[in-house]
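**Student:** Following is a predicted model, sequence given first.
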Amino acid sequence: MKILVCIKQVPDSAQIRVHPVTNTIMRQGVPTIINPYDLFSLEEALRLRDKFGGEVTVLTMGPPMAADSLRKALAIGADRAVLLTDRFFAGSDTLATTYALAQAIRKIEETFGPQDIVFAGKQTIDGDTAQVGPGVAKRLGLLQLTYVSRIAECDPDKRELVVERRSEGGVQVLRTAMPCLVTMLEGANEVRRGAIEDSLRAARAEIVTWSAKDAGIEDLTKCGLKGSPTIVKKVFAPSPRSERAAFVEPAKAASDSAEALIEAIFSRQPSLEADMTKLASGF
């Protein structure tokens, strides 16, 4: 099997700060990491490769420093890494990003062969849009399975994949044909640490680096700021709440405490009781 995993280098959200005057994100001195959701997709791709054979290619779009994240992916166990980097990609929103990634995936298939599965994380921690995976699938004409919690079956001979997908009503079990695109949920597996041999190989591995021209991207108006209709008007930190949490005196019986808590909530939010009653009645 040939599997491709889209990853992204993102700032560590635990250390991001917002400037108190300009309300812009302060990136100076903030370390970068592989988007955590992408790691679950990478692990799932490696498990399929270990079981059925083949190779795993990781792809990212970003500045030259994004090669560090690709080497980390190689150290975990990926076989090949491709970096799509060009100044024309600067300022890309999800629309421009999916265009560039889709073109790069077509180039990868021309160079290294057709891919059976394309993996991506459900979203990134810096954008949180969850649009890139489905957008790439749409551009490539791939069947897509989003919010996948488990891959139940995979049959490379029949070219079929069976997954469990989390939905609002519970869990959906879906069967699809390959090639397809899958976005994985957090906690779908336990990401491996990688062997020492993989770490040594990653340190000296050659990162395949493509510019927009190398990837076969001809229409540069669809890349970067020119191809991004999304405009970020303002970035700001949430205002601290002036209202403090209410304290409900505990009762001797747990049921009495629960009733007191419910009454306190309904007294503070009168409309909530009516909404909950309507929801419970099914109307």
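**Tutor:** Nice, thanks for sending it over. Numbering: from 1, shown residues only.

**Student:** Not counting the top helix by length along the chain itself, show me its contacts.
**Tutor:** The helix that spans the most residues within the chain, counting by DSSP state H, is helix 94-112. Helix 94-112 has contacts (Cβ atoms under 8 Å, 6 or more residues apart in numbering) with 2, 4, 6, 55, 57, 59, 61, 80, 82, 84, 89, 92, 115, 118, 127, 129, 131-132, 135-136, 138-140, 210, 212, 214-217, 222-224, 226-230. C-beta: built from backbone N, CA, C; applies to glycine.

**Student:** pLDDT value on Val173, please?
**Tutor:** Note on Val173: pLDDT of 95.

**Student:** ok so, going back, what are the buried residues along the longest helix of the chain?
**Tutor:** 94-105, 107-108, 112 (16 or more other Cβ atoms under 10 Å).

**Student:** Closest one to Leu39 out of the residues you listed, please.
**Tutor:** Nearest to Leu39 among these is Leu101, at 18.1 Å by Cβ to Cβ.

**Student:** between the buried residues of helix 94-112, which is nearest Gln123?
**Tutor:** Checking those one by one against Gln123 (Cβ to Cβ), the nearest turns out to be Thr94, at 10.3 Å.

**Student:** From Leu161, how far off is the nearest residue to the closest one once chain neighbours are set aside?
**Tutor:** Spatially, and ignoring its direct neighbours in sequence, Thr94 is nearest to Gln131 (4.2 Å; Cβ to Cβ, 6 or more residues apart in numbering). Applying Cβ to Cβ, to the nearest Å, the value for Gln131 to Leu161 is 22 Å.

**Student:** which SS state does Leu4 fall under?
**Tutor:** Using DSSP: H, G, I helix; E, B strand; the rest coil, the structure places Leu4 in strand.

**Student:** same check, this time on the one 10 residues further on
**Tutor:** Reduced to three states with three-state DSSP, the structure at Ala14 is helix.

**Student:** mind checking how far it is from Met65?
**Tutor:** Applying Cβ to Cβ, the value for Ala14 to Met65 is 19 Å.

**Student:** Likewise for Thr146?
**Tutor:** 29 Å.

**Student:** More neighbours: which of those two?
**Tutor:** Thr146 (19 against 11; other Cβ atoms under 10 Å).

**Student:** need the contact list for that one.
**Tutor:** By Cβ under 8 Å, 6+ apart, the neighbours of Thr146 are Lys122, Ala130, Gly133, Pro134, Arg165, Val182, Thr183.

**Student:** The residue lying closest to the fifth one once chain neighbours are set aside: neighbour count?
**Tutor:** Once its chain neighbours are removed from consideration, Arg165 has its nearest residue in Gln172; the separation is 4.5 Å (Cβ to Cβ, 6+ apart). For Gln172, the count of nearby residues is 14 (other Cβ under 10 Å).

**Student:** ok, Gln172 - contacts?
**Tutor:** Gln172 neighbours (Cβ under 8 Å, 6+ apart): Glu164, Arg165, Arg166.

**Student:** ok, 10 Å please
**Tutor:** Residues near Gln172 by Cβ atoms under 10 Å, 6 or more residues apart in numbering: Leu145, Tyr147, Val148, Ser149, Val163, Glu164, Arg165, Arg166.

**Student:** Looks like Ser92 contacts Cys223 (just checking).
**Tutor:** Yes - here Ser92 lies in contact with Cys223, judged by Cβ atoms under 10 Å, at a distance of 6.5 Å.

**Student:** Now for these two: what residues contact both?
**Tutor:** Counting by Cβ under 10 Å, 6+ apart, the residues touching both Ser92 and Cys223 are Met61, Tyr99, Ala100.
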